[in-house]
Every structure is written in C-alpha cells, then in structure tokens.
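Participant: Okay, predicted coordinates and the sequence, questions at the end:
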Amino acid sequence: MIRGLLVLGLVTAGLAGTTGVATAQTGPGIAIAADLPEPEAAQFVPGATNVVPATAVAAKSAQAITTAAGGTYTCPGFSTVDDATPLSSVMQDTYTWGGFKPYKVGDGKGNINWKLNPYGNPSWYMWFHSLRWLGQGITAASQGDTAAIDHVTTIVHDWVRDNPYSWKGDVGAWESTMHRTNVIICTRQAVLAGLNVTTLPTEYAWLDAALLDHAKFLVNNWSGAWNHGTDESIALFGVGCTLDRTDYMTLAQQRLNAGITTSIDAEGSTNEQSTAYAQFNYSLWGRAVDVLRACGADPGTTITARRTLLANWLALATNSLGNLHQIGDSEVVRTAPVAGTPLEYAGSQGATGVAPTDRVGMFSAGYVFGRSGWGNFAGQSSYSIRYGPTRQLHGHSDHTSLTYTARGRDILIDGGHAGYQNDVWRTWAKSPFASSAMTTPLSADTLPATKLTRSQVKPGADFFEFSDVPGPGISRVRAVLVLNNPDLIVTLDRASSKTAQQFQTLWHLPADQKATVYSRTTALASKAGEDTRTILFQVPYRQALPPGAILLKQAQTKPIQGWTYPNINTRLSAPTLMFARSGTTASILSFIAPVKATGAVTYATRWSGTTYVVDLTVAGVRTSIGITAGGSISRLS
C-alpha cells in the first residue's frame, strides 16, 4: 500500500531507541507513525476483567505540560489492520481481516451494520469497531481525495451515531476504544490536510465531540498497568494534545508514571507473560516517550531506564534461530535488531552490534533463558524454562516447560498461540498439555505459582530445580540440566499425589519432524533429508518403566494433542512424545539429545555412593551426569 509517508524498516523503526515513532514526510497528507510490532490479534474478553492494578511504586517525573498549545500528536497509524482493506474496498464498505474473506459491512454509502460478526470471531469484531480498517481511506483523504474524505467521515460519523456514549454494553466497541480514539484523531488530521485548512470546518465539529466522548470513556475506564492501559493513556494524551486539554494530558502522564514500574519490572520483565507482547511493550513505551515530548511533556527517566532493561531481557529471550522463544500468547516472532542495544546483536544474529554479557538470565517474573554461547550464532544451542507467578494476561499454564534449539533448528517447541476465540483449541494451547512439562491429566489445573529452588550455572552445564503444586494434593519437582558439547538436556520429574494419578512428561516436537517410538525407553525424531535427528529416551530411576512408558500422540482431537500453532491462523500436526506413569508417585528421568543423522547415544548406569551416575557417549562425545539423593543433577565430566 502507498501512504503519504515512507516508513523504513517498520518493526525496527517502531522499536528504535527512545523513539517509538518513526516518520518521514514524502508528499502531501499527514504524518503517520511507523507500525509497531503489535501481535496480530488482540485479547478479547470483557473489559472489566482486564483491569491490572499498578502495584509497584510509580515513576517520578515532571508532569507539567510546558508547550501544549504548540505541541503535535502524530497519527499513530493502523498497525497493519488496514493492509487487507484497500481504498477501493473502503469506498465499497468492505472490510477484510485475519485471513477471512472480505465482507461487505455496509450499503456502499457509509451506512454500516456495526452488529455484524459473520465469522463469529471476537477479534474480527473488535478490529471492525476499532475503525483501523479505514486506514487507506484516511491516508487518501489526507492527500486531498475528496471522495475519500466524504466516505471515511461518513463511516466514522455512522459509528458515532450508532454507538452513543457509553458503549460499554458492546464489548467489541469497549475493547477497541483506545484504537478508535486514535483513528478519529487521524481522521481529524486528514480532514484538515485534505481540505488544506487549519481550523476544523463546522460541519465536522462532531469529530471533536466524538473525541471528547472517547476521552471521557478513557478517563472512566483505565485498564491499568499493561499494554491496554498504556495504549489508553497514549490515546488520552493524544486527545488532550489535539484539543489543548491539559487535564487529559496530565492524567494520562500520571497513569503512564503509575503503569511503567508494574508493566516492566526492575529486572526488565513485563507482566504480560508473553515474549511477543514483551517486544510490543518495548516499542509501545518508546512511543509513549515520543508522544509526551512532542506535545511538551517531560517523560522523565524511568521509562527509558526500564526499556533498557527490557531490551536486555529480549536479547536473552532470543533463541539461536533469531526468534523469540515462543512463550505465552506469542506467534513465532523474529527479534528486532534495535541499534545501540543488546537487541542489535541478537536481532541481527551476531552480524552487528555487541553481544550481551550474560549467557544465562534468570528472572523472578518466571523465566530462565540460556544458550551455549553468543559466537557463531546459529551454531549455538539455546533454551527457555518457565516458572514464577500464577498465570495472568497473555500467559499460559506452562510452568516448568522447556523450549530448546540446537544444530540450527527447533528441538523442543511450545504448542503456540491459537488466537483469542474461546474454543477448545485456545483452551488446549493455554493448558499444561501444550507445553513440554510433566502433566497430571486426572486433576484440575490450579494455575500454580512455581518456585526456582536451586540453580547453578557453570561452563558447559546449567542446572535448575523447580517445585510447585500443579493440582490438588499433588507435589511436583522438576530438575533440569542443560549441557553443551555435547548438546543434551536431562530432566528429572518427580511427583507425588494423595490419590492415584496419571503422570505424563510431554515432549513437543517440531511439525516438520517425524517421530517413531523405538522401544520402551527410546524414541527418535527427524526430518527426511536433514542431517539432524533427536534421540529422546528415559532411564529407569527409582521406578521401573511400565508397558506403554513411551507413547506417541499426533493430530489427536479427543483429547486434543499433537499440534502446534506457529501463528494464530496456522495449526500444524506435530508429534508429541509422552513418558507415562500412573499411581501415587512418579520418577521420570528424561534425556533429549540432538545429534547428526548418523549419530547415536549409548549409556551405562552405576552408583557412586549415594549418587546415581549415568555415563553417556553422545555422537562420540563422552560425558557423565550424577543425580544426588536429593535430586540435584550435575555434570561430572
């Protein structure tokens, strides 16, 4: 599409430094900010459940608006929602989103049926009410296309008339208020630019009235300390800047000050529990800084400081393939190479920038990110482990789960992000059964808080231990040892229950691999023609292996298992291996070894005092691991 603006490197521009807004005027029309890396769909549940209180001490910064009257608020753009709806479609009242077929939502004259939801998809409906799909029409209007001015303003005015304040009775209209506020501001700017006037003509006075209603809604309905609340505060500030209302600007800045320290904590973690939303928050808070400055407000230093911490977090959250580890409501997302930050090196896969100083990061918000090293980027292995506070916002019930890359490919994956439609697929994708963790399918998921109880990071071997209560009367402990040279993951899952349970340690494998159960102890996974295979096996430890100790689940629907969502519009069949036990206790010792296609793993076990030793040869490399009586795992050689 062609806008009145050239945006260079959309995602990178939106993420860069202290500037969340990147614009370059190339002709007539309005300036439009670069698209931010906003996740493709949006969380869509009743707004009352979306309020996240700001719990940390608020940031301190000057709140006085010094040059409001001469300030500017750049049109924030339409976040790609308008990409599939060209000007010709806007003029015909036809809207397209999310891979669904185009749908005629009006009579062709701007009279829209705002109750339509032909695909029964809540996100389709929310973006419909956001008005972002009008973006290409607004751009054309700003460039003097009078037909576009007339039609776009007719549609916006139709929304205003058909959805009078307050629109809280319609959750789609409610949830999209912050986005629609910005679209109305952009429409106002387009009218002024398109008509080449500096004062809004009387016949468009309803635009300002609509902005005042939207500001009133935002004043009365703040979602708090997460991306919705940040977006709302930016939009409220935008109304204040546009209409010269310092009260709106002051309140918006107070809310940004309150939200930043909860939204991004003192270690750089966001409270979203999603890597993709973490990257979005990095850019969104950068935009907040630019918006405040452009309209004469002092953003202070806290936002920039917290973004610096988040940049380091995102760099550590980057796997050896150059993607963010897929955690929570995250599609498979590339890490953006933001110049001058650790993200430059991580996002460019080592081509430019300086490597982060840490090889392993442990964050109290519930993340371990580690890798074998930073040099020869794709030749390294990398891993993530989840723990921490109970599930919230965009998080999944994924505690103690792993993702793992080695030999230039995914080895262990997450079930992914199924979108926000409330169906069985989203339920599964958010559940423990979509993660590589020990599960207890006969018990209700308690959404546990999980503790990191022990850790030790050494060259060649990283050890972590986690404990929680995944269901009523059940205790679970997972010990993880990650080796390099050879690349190997060892986990010891121990659990006990007051009642008989099924204990299932799940290993989710990439969709492009075929898995085969070789024996009661061993399974293999590989892709035809590729010089890598993964050998997954379990060693009996304090518990005999029963019949059916390894099961392969793939493309099942009752119950759902053996799938992955690399993005919300793509569901792929993917092998899942289940190491299974039943009873009141379980002890599952697992090994995951990515090797050459011709590589093999052999092992022998022995006792050395009270330490259980496994001597291994992994693709020709010898190593030994020891398990103490207390369950700690270490590399012995």
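Facilitator: Received, thanks. For clarity, every value in this text was computed on a predicted model and none was experimentally measured.

Participant: helices or strands next to the helix or strand containing Leu506 in the packing?
Facilitator: According to DSSP states H and E, Leu506 maps onto strand 488-508. If you count contacts as 3 or more Cβ pairs under 8 Å, 6 or more residues apart in numbering; DSSP states H and E, strand 488-508 packs onto strand 402-406, strand 409-412, strand 438-439, strand 474-483, strand 576-595, strand 621-627. To be clear about C-beta, it is placed using only N, CA and C from the backbone, and glycine gets the same treatment.

Participant: mind giving me JSON lines with those strands and columns for mean pLDDT, distance to Gly144 and mean neighbour count?
Facilitator: Below are the helices and strands packed on strand 488-508 laid out as JSON lines (pLDDT from 0 to 100; distance: least, Cβ to Cβ, whole Å; neighbours: other Cβ atoms under 10 Å):
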{"stretch": "strand 402-406", "mean pLDDT": "98", "distance to Gly144": "51", "mean neighbour count": "26"}
{"stretch": "strand 409-412", "mean pLDDT": "98", "distance to Gly144": "50", "mean neighbour count": "24"}
{"stretch": "strand 438-439", "mean pLDDT": "97", "distance to Gly144": "60", "mean neighbour count": "26"}
{"stretch": "strand 474-483", "mean pLDDT": "98", "distance to Gly144": "60", "mean neighbour count": "23"}
{"stretch": "strand 576-595", "mean pLDDT": "97", "distance to Gly144": "57", "mean neighbour count": "21"}
{"stretch": "strand 621-627", "mean pLDDT": "98", "distance to Gly144": "69", "mean neighbour count": "18"}
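
Participant: Counting neighbours, what do you get for Lys514?
Facilitator: For Lys514, the neighbour count with other Cβ atoms under 10 Å is 14.

Participant: isn't it right up against Glu530?
Facilitator: No. Assessed by Cβ atoms under 8 Å, Lys514 is found out of contact with Glu530, at 10.8 Å.

Participant: Which residue, neighbours along the chain excluded, lies closest to the residue nearest in space to the middle of the chain?
Facilitator: Most central in the chain under Cα atoms, centre = their mean is Ala276, positioned 2.6 Å from the mean C-alpha point. Leaving aside its chain neighbours, Ala276 sits nearest to Ser330 (3.6 Å; criterion: Cβ to Cβ, 6 or more residues apart in numbering).

Participant: Just give the number of residues close to that neighbour.
Facilitator: Neighbours of Ser330 under the rule other Cβ under 10 Å: 28.

Participant: Kindly report the same for Ala209.
Facilitator: 11.

Participant: what's the answer for Val469, then?
Facilitator: When counting by other Cβ under 10 Å, one arrives at 13 neighbours for Val469.

Participant: which residues touch it?
Facilitator: Going by Cβ atoms under 8 Å, 6 or more residues apart in numbering, Val469 touches Thr446, Pro448, Ser475, Arg476.

Participant: run the last query once more with 7 Å
Facilitator: Residues counted as contacts of Val469 (Cβ atoms under 7 Å, 6 or more residues apart in numbering) are Thr446, Pro448, Ser475.

Participant: Dump these into a markdown table; add distance to Met126 as well.
Facilitator: Below are the contacts of Val469 laid out as a markdown table (distance: Cβ to Cβ, whole Å):
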| residue | distance to Met126 |
| --- | --- |
| Thr446 | 31 |
| Pro448 | 31 |
| Ser475 | 41 |
